[in-house]
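A.B. asks: fold the following.
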Amino acid sequence: MNKKLLAVFLSVVVIICTLSACANSNSQPGGHQLVTQTTTQIVTDEASFKLSYTQSDSLNPFESDTLNNQVVQNLIFESLFVLDESFEAQPQLATSYTYQDNKTLTVTIESGIVFSDGSALDANSVVYSFEQAKKSYRWGNSLRGISSASAVSSNVIQFSLAYANPNAHKLLTFAVAKDKTDKKGYPIGSGRYKLGDGDGTVFLEVNPNKEDFSPRFTKIQLINIATAQSLENAINIGNVSYAYRDLSEGTSAKIQCNKKAVNLNNLVYIGINNTRGITANEYIRKAISLAADRDALVKSAYQGYARSAVSVFNGVSSIGKQTAVFGKSADTSAAKQAIAQSGYDEKSLKLDILVNTNPNRVAAARLLKQQLEAVGFTVSINKQGNKAYQNKIKSNSFDLYIGETKIPGDMNLNSFFTAKGATHYGINVKKSPTAKAYTGYLSGNNEIGSFVLAFSQEMPFVPLLYRQGMICYSKSLHGDMQGYVDNYFSNIQDWYYN
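C.D. replies: Here you go, the predicted model:
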């Protein structure tokens, strides 16, 4: 080999060896190549995400009346506990709770919490907020079971209960707010965002004291929308990114967006007059429950935005799952057997269903009429305006009525089983074995099973379904939408636009 060819050969060998050495230097033992990691910076967005609010209504959580503003407030304020989709209490500001006895509840909050303006959030802040919430339209009813609150120390609050209640901590979902507003008059919370304004607009901006919160939406525009119909239009044309509808006046088929059903604790039920006529007979009341096809009511009358009531309690909750006693479909043979046990003949099986003008409940009454007639009843529907409907119920001038009530977070049913309860009409609470069993359960004298057994034997009213609400959001908004009632923006930090 001549010198020139040798030189070229040696050069090639050197290059190959060099490349081989470089490759080996980037490899781990066993031949696993190292991967260079890069950090992806989150791209923030100050303009795309928009929520509706009602300018004429207060943004103070204890004074607001509109659902619009209550949804927005979910981002501004925190509470001691939040209820998850199964209505179980999850701590938010609270770190622990203890029942010292069946009428005394103590809650501890984390030390060092601050509001969005940097001032301290302590036990006195919670007591102030409780007293305001107890007087408010939004939380007043649910907090009737708690008499008072007092600060034991800077981070310990003691709640005195109006009656024995092992689930009273589930009522502590009221907003905790500072007792003063900011310089612009906006209420101050400790939530993920705070209120601000500029250039004639109101907006939410990230709370600077939430160091563990890094959303893409650093500013959220608030769009003044006064009516439900206007909100639907705003969603359809993209002026609003995200909204919650409680569907209390029926489903909204015209809304063009991505939709998610959310569980509510709103019980739709058949109120029964236990004190007169054929409905005073427990077998007739059982026959009415057995004849009801709950799944059909869910699918037809409520267009799928409900869950069949398989228990007195919400079926998605742990207590509801433990106490399931009702079938989702009608059991016509069992219903006819119960009628036979009642001793009434065919000519006596006449019922009147009282209902108001709510479209879902009217549809439910019509469907229920068909279901009851299928087992031998003769049924008429008495549709009344809301005032006349309420008057007839309060005067016990009904056989059956279709009602709806919001069960509080602690699943308390005293509304049905106490003389001052808003839904006790038709039930003789002094003589009702179910009412007695329920009082025994609350006081700890008997298990929940004793109450359920008494209920199924007496059937003082018929649970039909638990209604649902709806979250709707822009089709161009992405992320696993995990929002639910009173925690609508559960994982907003993961949402983004393309």
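A.B. asks: and the closest residue in space to Lys184 that isn't next to it in sequence, its phi and psi?
C.D. replies: Once its chain neighbours are removed from consideration, Lys184 has its nearest residue in Asp197; the separation is 6.6 Å (Cβ to Cβ, 6 or more residues apart in numbering). C-beta: built from backbone N, CA, C; applies to glycine. When quoted as degrees, to the nearest 10, the phi and psi of Asp197 stand at phi -150, psi 160.
A.B. asks: Ala175 touches Ser79, doesn't it?
C.D. replies: Yes: because the distance of 6.0 Å satisfies Cβ atoms under 8 Å, Ala175 is recorded as touching Ser79.
A.B. asks: what sits against Tyr305?
C.D. replies: Under the criterion of Cβ atoms under 8 Å, 6 or more residues apart in numbering, the contact partners of Tyr305 comprise 247, 251, 261, 467-470.
A.B. asks: let's have those in a markdown table, adding distance to Ala151.
C.D. replies: Supplementary listing: the contacts of Tyr305 in a markdown table, determined by distance: Cβ to Cβ, whole Å:
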| residue | distance to Ala151 |
| --- | --- |
| Leu247 | 40 |
| Thr251 | 45 |
| Ala261 | 40 |
| Arg467 | 38 |
| Gln468 | 38 |
| Gly469 | 35 |
| Met470 | 40 |
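A.B. asks: keep only those of those that are in strands.
C.D. replies: For the contacts of Tyr305, membership in strands holds for 261, 467-470, with DSSP state E as the criterion.
A.B. asks: including distance to Val268, pLDDT and neighbour count, could those residues go into JSON lines?
C.D. replies: JSON lines is the format used below for the ones in strands among the contacts of Tyr305 (distance: Cβ to Cβ, whole Å; pLDDT from 0 to 100; neighbours: other Cβ atoms under 10 Å):
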{"residue": "Ala261", "distance to Val268": "15", "pLDDT": "93", "neighbour count": "14"}
{"residue": "Arg467", "distance to Val268": "6", "pLDDT": "97", "neighbour count": "22"}
{"residue": "Gln468", "distance to Val268": "11", "pLDDT": "96", "neighbour count": "21"}
{"residue": "Gly469", "distance to Val268": "13", "pLDDT": "94", "neighbour count": "20"}
{"residue": "Met470", "distance to Val268": "16", "pLDDT": "92", "neighbour count": "18"}
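A.B. asks: tell me which of those is nearest to Thr279?
C.D. replies: Closest to Thr279 out of the ones in strands among the contacts of Tyr305 is Arg467 (24.3 Å), distances taken as Cβ to Cβ.
A.B. asks: for that closest one, which non-adjacent residue is spatially closest?
C.D. replies: Excluding its sequence neighbours, the residue lying closest to Arg467 (Cβ to Cβ, 6+ apart) is Asn266, at 4.3 Å.
A.B. asks: just checking: what are the partner strands of the helix or strand encompassing the one you found?
C.D. replies: Taking DSSP states H and E as the definition, one finds Asn266 inside strand 258-272. Here strand 258-272 is paired, per DSSP bridges, with strand 400-406 (antiparallel), strand 461-473 (antiparallel).
A.B. asks: buried ones in that strand?
C.D. replies: Under the neighbour-count criterion of 16 or more other Cβ atoms under 10 Å, strand 258-272 has 260, 262-272 buried.
A.B. asks: got the CA positions of that strand in CSV?
C.D. replies: Listed in CSV are the C-alpha atoms of strand 258-272, where the atom choice follows Å, rounded to 0.1, in the frame of the first residue of the first chain:
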residue,chain,number,x,y,z
ASN,A,258,-69.9,20.3,25.1
LYS,A,259,-72.1,19.1,28.0
LYS,A,260,-71.5,17.2,31.2
ALA,A,261,-74.2,16.1,33.6
VAL,A,262,-73.5,16.9,37.3
ASN,A,263,-75.1,15.3,40.3
LEU,A,264,-77.5,17.4,42.4
ASN,A,265,-79.0,16.5,45.8
ASN,A,266,-82.4,17.6,44.5
LEU,A,267,-85.0,14.9,45.3
VAL,A,268,-88.1,14.6,43.1
TYR,A,269,-90.7,12.7,45.0
ILE,A,270,-94.4,11.8,45.3
GLY,A,271,-95.9,13.5,48.3
ILE,A,272,-98.7,11.3,49.7
